[in-house]
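Engineer: what follows is a predicted structure for the sequence shown.
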Amino acid sequence: MDEIIGYAVVCIIIAGLFYALVKQVKETRSSEHIVGSPMFRKQMARKNIVMTAALFGILVFFTLNIVSGLYITSTLSNSFTNLATLISFFVYFFAKFAMKPKQGNLRRNLYH
């Protein structure tokens, strides 16, 4: 019974990651039409692309980690997928919180 609950939780986590990836892809595609300077749009697009790639990496490596945990693959790939998932998380959080696009001086741009 505990094994079934464990598999259900893992499936829910993978489904949540897939849903987040779909939302992130939609946000990345809609970031082309945001208001702001061309530099702001470029920085926002770069941030969204990095977040999408990192979220895709989290999903892929977490799924591979679960598959390698079922002893289908070797333990070497298990440690690799652990490390890759962790690095993808760090890249995602770096892009989310540290890559803030700078809006610039809007007042100066309005009058010149």
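Structural biologist: Happy to help now that I have it.
Engineer: hang on, isn't Tyr92 packed against Leu59?
Structural biologist: No - using CB atoms under 8 Å as the test, Tyr92 is too far from Leu59 to be in contact (10.8 Å). Where you see a C-beta, it was placed from the backbone N, CA and C, and this is true even at glycine.
Engineer: distance from the chain centre to stretch 11-20, please.
Structural biologist: When C-alpha coordinates are averaged (CA atoms, centre = their mean, to the nearest Å), stretch 11-20 and its chain have centres 12 Å apart.
Engineer: check which residues of that stretch are buried.
Structural biologist: The neighbour-count check on stretch 11-20 (16 or more other CB atoms under 10 Å) flags Leu17 as buried.
Engineer: averaged pLDDT, the helix or strand harbouring Phe80. What do you get?
Structural biologist: According to DSSP states H and E, Phe80 maps onto helix 75-97. For helix 75-97, mean pLDDT rounds to 86.
Engineer: what helices or strands is that helix leaning on?
Structural biologist: Packing contacts for helix 75-97, counted by 3 or more CB pairs under 8 Å, 6 or more residues apart in numbering; DSSP states H and E, involve helix 38-69.
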